[in-house]
Structure formats: structure tokens, C-alpha cells
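Enquirer: Sequence first, predicted coordinates after that:
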Amino acid sequence: MPQLRTKGREMLRCRRCGSVFPEGKATRDGWRYECPEDGCDATGLGEALIPIDD
């Protein structure tokens, strides 16, 4: 199983559970994104996972 990257370019927030995490924790391949929190099934960059504005 591929390892999750822990560093990302942006911080993301999950619209479903409210968790905040680096972009790299939400993807293994750079194309598909999912919330890394246990028990949360939110998916999709820009849909369920949104960038946090600085």
C-alpha cells in the first residue's frame, strides 16, 4: 500500500468533519483526494475538501 505524503502545498479543510490537514495527507497520487480522518468518507478536492485561504 502506498504511503501518504505528509507535506502539501496547501492546507485543506473537510466540509463534512471540519478537520484541517496538509494537501499531501489527502492524496496518494495527486489526482484523487479524500479526507484522512478515520470515519470520514468525504472525497473530492474543491467539493468536500477545500483549500484554506491565507
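Expert: Sure, I can see it.

Enquirer: switch to C-alpha atoms for all contacts and neighbour counts from now on
Expert: Noted.

Enquirer: Enumerate every residue touching the most centrally placed residue in the chain.
Expert: In the chain, the C-alpha nearest the mean C-alpha coordinate belongs to Ala26, at 3.1 Å (C-alpha atoms, centre = their mean). By C-alpha atoms under 8 Å, 6 or more residues apart in numbering, Ala26 lies in contact with Leu4, Tyr33, Glu34, Cys35, Pro36.

Enquirer: Could you identify which of the residues you listed has the most neighbours?
Expert: Most neighbours among the contacts of Ala26, by other C-alpha atoms under 10 Å: Cys35, with 28 neighbours.

Enquirer: correct me, but that residue touches Leu49?
Expert: Yes. Taking contacts as C-alpha atoms under 8 Å, Cys35 lies within contact range of Leu49: 7.2 Å.

Enquirer: what touches both of these two?
Expert: Between them, Cys35 and Leu49 share these contacting residues under C-alpha under 8 Å, 6+ apart: Cys14, Ala42, Thr43.

Enquirer: could you measure Glu47 against Met11, distance?
Expert: For Glu47, the distance to Met11 (C-alpha to C-alpha, to the nearest Å) stands at 15 Å.

Enquirer: Cys35 too?
Expert: For Cys35 relative to Met11 (C-alpha to C-alpha), the value is 12 Å.

Enquirer: same thing with Cys17?
Expert: With C-alpha to C-alpha as the criterion, Cys17 and Met11 are 15 Å apart.

Enquirer: Give me the more crowded residue out of those two.
Expert: A count of neighbours by other C-alpha under 10 Å puts Met11 above the other of Cys17 and Met11, at 18 against 14.
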